[in-house]
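Participant: next come a sequence and a model predicted from it.
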Amino acid sequence: MIYLDNNATTKVDEKVLEAMMPYFKEEYANPSSIYNFSKKASNALKESRGVLKDFLNAKDEKEIIFTSCGSESANTAIKGVLNYNKAKKHIITTKVEHPCVLNLYQTLEKQGYKVDYIGVNSNGDLDLEQLEAAINSDTALVSVMWANNETGVIFPIKKISEIIKSKNPETKFFVDAVQAAGKIPLDVQDMGIDMLGISGHKFHAPKGVGALYVNSKTLITPLIVGGHQERGKRAGTENVPYIVGMAKAAELAQDALKYETTEVKRLRDKLETTLLKRIYNARLNTGVSNRVPNTTNIGFEYVEGELILLHMSDLGICASSGSACTSGSLEPSHVLRAMNVPFTAIHGSIRFSLSRFTTEKEIDYVCEKMPQIIEKITAISPYQDELAALKALKTK
Amino acid sequence: MWDYSEKVMDHYRNPRNVGKIDNADAVGSAGSLACGDQLKIYLKIENNVVTDAKFQTFGCGSAVASSSILTEMIIGKTLDEVRKITNKDIADQLGGLPPEKMHCSVMGYEALEDALKGYGDDYQDLDDLREPEKAEKIVCTCFGVTENVIWDAIKQNGLKTVEEVTNYTKAGGACGKCKGLIKDIIDTYYAKEKTENQLSPTQRILKINNIIETQISPELQKDGGDINLVDIQGNKVYVKLHGKCSSCKNATLTIKRFVEQTLRTAMDEDIEVIEI
């Protein structure tokens, strides 16, 4: 099996699992208990918070809240800020956010909030002028993803923060960094971020654990109310083994950042350039630069994505598609549509996402097999004339 | 991951009759590039028999499988036989399709219908319940689905909800603005069906007896009981329970919840089942 769907989820690193095991077996105490037995669990929690603080370069450990996932982090941050200051009713976000955030904004619109969705160009880059123009005195929140899950395109977080603070210093800035964590360095202080969410399973921790950074100047009303855990910002007994696992994963990711930006990038680029060269109806759906190192999104024109994935799956290759058919929603990717990717390519778009466990041999195998798969599917397409024209254009 | 049948997988892996017939006698198409699937079907017809069929499909696994099996289903058949094929037949031949993928079988049916229309076909069997002035009205602008297509899908598959119509035709699957219209079409269809499908008294007795024998009795037999129809008077259906059912404390519940409910769903809401 060749797993090139690491933006969907990643495999748990052996070392992460090892670090977690004692907190299932021996050190199972509730970290809030007062007896000695709970000491190791509560220390582990404290240490993990320290690791996450360093991972994000937060100022203080108190700014880290552990959650169950990326969606919970986003919901806690967004609803937390809006509920704390109910007077402000304006939100700015982008057209290409992850559904976990987009669907929340659509719900908030029904509750009376005004939401502006900022567009992107065909490279996937955000329209900063539109963003700047949208900020006003009623703007409670600007919410932008750091890296896009489908395309890997990175938004200029520091620049956006500067724009926000210059137009309305009271506006809070939430960054969904789920797809950036472990792929590029994260520095919340340098970037001027008020709140930032991450999810463990995207960087080799297990599913079911996430974190939210909320800086000390940003006040939120908790989403989950109950006990005093997480300084009253998120009730519920801390999931110690998973938190320990995520901290270990963050450490390993930090150590592997250089490998990610050199070796993983090299393999991604090799895959991308080879496929674009060998397959005449392949097109890169994004700009070349400003992307996380592990992701490429390629559109295969006049063929359909689910069928490509099924043929890949028969060869043991896992990836994702922006086609309507795979999602079950009937609508093709909202991200690629916002980028104006033509319909000829949007339904045949495939996202390959690598990890530090991806090998050169695997990439070579995919480079060898993809042209055969695409050729086979292209042969049954009703668009033979268009394909012939495309081929003539490419080979010219 | 979709739960595709072995047959679906076989057909998208090894599609049969792929390509174009240059001097085809009939050509039909369905879907569009924007929708994410398009099917073209080419037929060679001699003496009212389909002697060859080929297809080209842009679409997902189930779209390719539906097209592929459709060509196999029609080669060698007379036009009369081909006209009787519905989307349900295509799905059944494939060993079933996931509900969200039923629209792929509908597309196969639409392309076939389109081809036959182009062949100068005046076959109107499926239009008998249709209001002609509405037939080409576009209901779902996102996917370009006409009332015509929705009506056929409801009729051929017994669809009851807007969600089912979306699964079968895609209509309402994007912006959702036409969901109210789809609901109206469903209501209109069943209102019409009720008035036009009045059964004769004999047909009605046969149908009720058939439901009892094929749907109800086998279930009761599983628990060591049985049931048979004794008489029908108006909306009152008299039955007799046998075996374990006749002495079962829950017999009344079985009669009301299961027997009556099954008959009401299949026939009409006014049926009352009485044990004698």
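Facilitator: Received, thanks.

Participant: need the helices for the stretch 51-200 of chain A, in chain order.
Facilitator: Here the stretch 51-200 of chain A has its helices, by DSSP state H, counting those that start in this stretch, at A:70-84, A:99-110, A:128-134, A:157-167, A:188-191.

Participant: domain parsing for chain B?
Facilitator: Chain B breaks down by automatic domain parsing into domains covering B:6-123, B:126-196, B:201-275.

Participant: most packed of those domains?
Facilitator: domain B:6-123 (a mean of 20; mean count of other C-beta atoms under 10 Å in any protein chain shown). C-beta here means a position set from N, CA and C on the backbone, and glycine is covered the same way.

Participant: tell me the secondary structure for the one residue in the stretch 151-276 of chain B that gets nearest to chain A?
Facilitator: In the stretch 151-276 of chain B, the residue found nearest to chain A is residue B:173; the distance is 3.3 Å by C-beta to the nearest C-beta. Taking DSSP: H, G, I helix; E, B strand; the rest coil as the rule, one finds residue B:173 in the coil state.

Participant: which phi and psi values does it adopt?
Facilitator: The phi/psi pair for residue B:173 (degrees, to the nearest 10) reads phi -80, psi -10.

Participant: likewise for residue A:354?
Facilitator: With angles defined as degrees, to the nearest 10, residue A:354 sits at phi -90, psi 170.

Participant: now it, nearest residue through space, not along the chain?
Facilitator: residue A:294 (4.4 Å; C-beta to C-beta, 6 or more residues apart in numbering or on different chains).

Participant: I'd guessed that neighbour sits against residue A:271; true?
Facilitator: No - Residue A:294 lies out of contact with residue A:271 (C-beta atoms under 8 Å); the separation is 10.4 Å.

Participant: now the element after the lowest-mean-pLDDT helix or strand in chain A, going C-ward?
Facilitator: Least confident helix or strand, chain A: helix A:324-327 with a mean of 62, by mean pLDDT, DSSP states H and E. Remark: after helix A:324-327, the chain's next helix or strand is helix A:334-338, criterion DSSP states H and E.

Participant: show me where chain B has its helices.
Facilitator: For chain B, the helices defined by DSSP state H cover B:6-13, B:61-74, B:79-83, B:87-93, B:102-118, B:147-157, B:162-169, B:179-196, B:201-211, B:217-222, B:244-247, B:251-253, B:261-266.

Participant: residues touching the residue nearest to residue A:354, list them.
Facilitator: With contact taken as C-beta atoms under 8 Å, 6 or more residues apart in numbering or on different chains, residue A:294 is in contact with A:6, A:7, A:152, A:183, A:260, A:264, A:265, A:268, A:353, A:354, A:355.

Participant: which one of those is nearest residue B:270?
Facilitator: The nearest member of the contacts of residue A:294 to residue B:270, counting by C-beta to C-beta, is residue A:7 at 55.8 Å.

Participant: so which strand or helix has that closest one?
Facilitator: Per DSSP H and E, there is no helix or strand for residue A:7.

Participant: ok, the spatially closest residue to it that is not a sequence neighbour to residue A:298 distance?
Facilitator: The shortest distance from residue A:7 to any non-neighbouring residue, by C-beta to C-beta, 6+ apart, is to residue A:353 (3.9 Å). Distance, residue A:353 to residue A:298, by C-beta to C-beta, to the nearest Å: 12 Å.

Participant: quick one: which of the two has more around it?
Facilitator: residue A:353 (27 against 22; other C-beta atoms under 10 Å in any protein chain shown).

Participant: next one, pLDDT for the more buried one please.
Facilitator: As predicted, residue A:353 sits at a pLDDT of 97.

Participant: residue contacts, residue A:263?
Facilitator: Under the criterion of C-beta under 8 Å, 6+ apart, the contact list for residue A:263 reads residue A:356.

Participant: apply 10 Å and report the result again.
Facilitator: Counting by C-beta atoms under 10 Å, 6 or more residues apart in numbering or on different chains, residue A:263 makes contact with A:256, A:293, A:354, A:356, A:358, A:360.

Participant: buried ones among the residues you listed?
Facilitator: Buried members of the contacts of residue A:263, scored by 16 or more other C-beta atoms under 10 Å in any protein chain shown, are A:256, A:293, A:354, A:356, A:358.

Participant: circling back: between the helices of the stretch 51-200 of chain A, which gets nearest to residue B:49?
Facilitator: Per C-beta to C-beta, nearest to residue B:49 of the helices of the stretch 51-200 of chain A: helix A:99-110, 50.9 Å.

Participant: out of the domains of chain B, the one nearest residue A:107 is which?
Facilitator: For these, proximity to residue A:107 was assessed by C-beta to C-beta; domain B:126-196 is nearest, at 15.1 Å.

Participant: figure out how far the lowest-mean-pLDDT helix or strand in chain B is from the centre of its chain.
Facilitator: Least confident element among the helices and strands of chain B, by mean pLDDT, DSSP H and E: helix B:244-247 (a mean of 74). Offset of helix B:244-247 from its chain centre (C-alpha atoms, centre = their mean, to the nearest Å): 37 Å.

Participant: over to stretch B:49-68?
Facilitator: Here the centre of stretch B:49-68 is set off from its chain's centre by 19 Å, with C-alpha atoms, centre = their mean.

Participant: now the end-to-end length of it.
Facilitator: Terminal residues of stretch B:49-68 lie 19 Å apart, using C-alpha to C-alpha, to the nearest Å.

Participant: quick check, that stretch touching chain A?
Facilitator: Yes - for stretch B:49-68, a contact with chain A is found by C-beta under 10 Å from any C-beta of the partner chain, at B:55-65, B:67-68.

Participant: likewise stretch B:17-24?
Facilitator: Yes - shown here: stretch B:17-24 in contact with chain A (C-beta under 10 Å from any C-beta) through B:18, B:19, B:20.

Participant: nearest to chain A, of those?
Facilitator: Nearest to chain A out of those is residue B:18 (C-beta to the nearest C-beta; 4.8 Å).

Participant: excluding sequence neighbours, find me the nearest residue to that closest one.
Facilitator: Distance criterion C-beta to C-beta, 6+ apart; nearest residue to residue B:18, sequence neighbours excluded, is residue A:380 at 4.8 Å.

Participant: follow-up on the earlier one: take the residues of stretch B:17-24 next to chain A and write them to a markdown table, including distance to residue A:24 and pLDDT.
Facilitator: Below are these laid out as a markdown table (distance: C-beta to C-beta, whole Å; pLDDT from 0 to 100):
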| residue | distance to residue A:24 | pLDDT |
| --- | --- | --- |
| B:18 | 54 | 96 |
| B:19 | 58 | 96 |
| B:20 | 61 | 95 |
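
Participant: how about whatever residue of the stretch 151-300 of chain A ends up closest to chain B, what does it touch?
Facilitator: Nearest residue of the stretch 151-300 of chain A to chain B, counting by C-beta to the nearest C-beta: residue A:300, 11.1 Å away. Neighbouring residues of residue A:300 by C-beta under 10 Å, 6+ apart: A:275, A:279, A:281-283, A:307-308, A:321, A:344-345, A:347-350, A:370, A:373-374, A:377-378.

Participant: surely residue B:56 touches residue B:31?
Facilitator: No - if you go by C-beta atoms under 10 Å, residue B:56 and residue B:31 don't touch, sitting 11.5 Å apart.

Participant: circling back: adding secondary structure, write the contacts of residue A:263 out as CSV.
Facilitator: Converted to CSV, those look like this (three-state DSSP):
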residue, secondary structure
A:256, helix
A:293, coil
A:354, coil
A:356, coil
A:358, coil
A:360, helix
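
Participant: now those residues as JSON lines including distance to residue B:216?
Facilitator: Output for the contacts of residue A:263, formatted as JSON lines (distance: C-beta to C-beta, whole Å):
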{"residue": "A:256", "distance to residue B:216": "64"}
{"residue": "A:293", "distance to residue B:216": "63"}
{"residue": "A:354", "distance to residue B:216": "57"}
{"residue": "A:356", "distance to residue B:216": "61"}
{"residue": "A:358", "distance to residue B:216": "57"}
{"residue": "A:360", "distance to residue B:216": "64"}
